[in-house]
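>>> how would this look folded up:
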Amino acid sequence: MPDLVAGALARRDFDDAIRLLDSEKKLGAIELNDLLILTYLYCVNGQVKKAEDLVASSGGLIKRDWFVDWLWGKLQADFGFHPPP
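Numbers count the residues shown, from 1 in each chain. Predicted structure coming up:
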């Protein structure tokens with residue numbers, strides 16, 4: 001699956017990448033990096049609310065660190081994303 005996602009991202013086929021990552025999420029096999037990529041792709045695709053819901057429902061999978069803080073700030077500035085408290 002990671003190769004398929006990477007291929008879709010290389011082609012800039014964000015819809016396909018979202019579809020692949022969503023199916024991974026439904027199987028319960030999504031990892032932190034995939035979750036962050038999916039969050040970003042939702043925002044790029046204009047689905048900010050879906051990105052916010054995804055992050056809110058991820059429970060303890062996302063731990064705040066410098067990268068997550070940077071990503072939340074970038075998504076907030078570029079797309080109006082509201083990170084969890």
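>>> from here on, contacts and neighbour counts on C-alpha atoms
Fine.
>>> secondary structure element for the closest residue to residue 82 other than its chain neighbours?
Of all residues not flanking residue 82 in the chain, residue 76 sits nearest, at 6.0 Å (Cα to Cα, 6 or more residues apart in numbering). Assigning secondary structure by DSSP states H and E places residue 76 in helix 66-79.
>>> what sits up against that helix?
Here helix 66-79 makes contact (Cα atoms under 8 Å, 6 or more residues apart in numbering) with 40, 43, 44, 46, 48, 81, 82, 83.
>>> how close does the first one get to residue 68?
Look at residue 40 and residue 68: by Cα to Cα, to the nearest Å, they are 11 Å apart.
>>> neighbour count: these two, which is higher?
It is residue 40, of residue 40 and residue 68, that has more neighbours when counted by other Cα atoms under 10 Å, with 21 against 14.
>>> which strand or helix spans that one?
Residue 40 belongs to helix 32-44 when assigned by DSSP H and E.
>>> equivalent analysis for residue 49, please.
Counting by DSSP H and E, residue 49 is part of helix 48-57.
>>> how about that helix: buried residues?
Buried residues in helix 48-57, counting neighbours by 16 or more other Cα atoms under 10 Å, are found at 48, 51, 52, 54, 55.
>>> for that helix, what is the average pLDDT?
Along helix 48-57, the predicted local confidence has a mean pLDDT of 95.
>>> swap in stretch 22-40?
Stretch 22-40 shows a mean pLDDT of 91.
>>> pull the residues that contact it.
Residues outside stretch 22-40 that contact it (Cα under 8 Å, 6+ apart): 1, 18, 21, 51, 52, 54, 55, 61, 62, 75.
>>> now do residue 35 against residue 19, distance only.
13 Å.
>>> more neighbours: those two, which one.
Counting neighbours by other Cα under 10 Å for residue 35 and for residue 19 shows that residue 35 has the greater number, 21 against 14.
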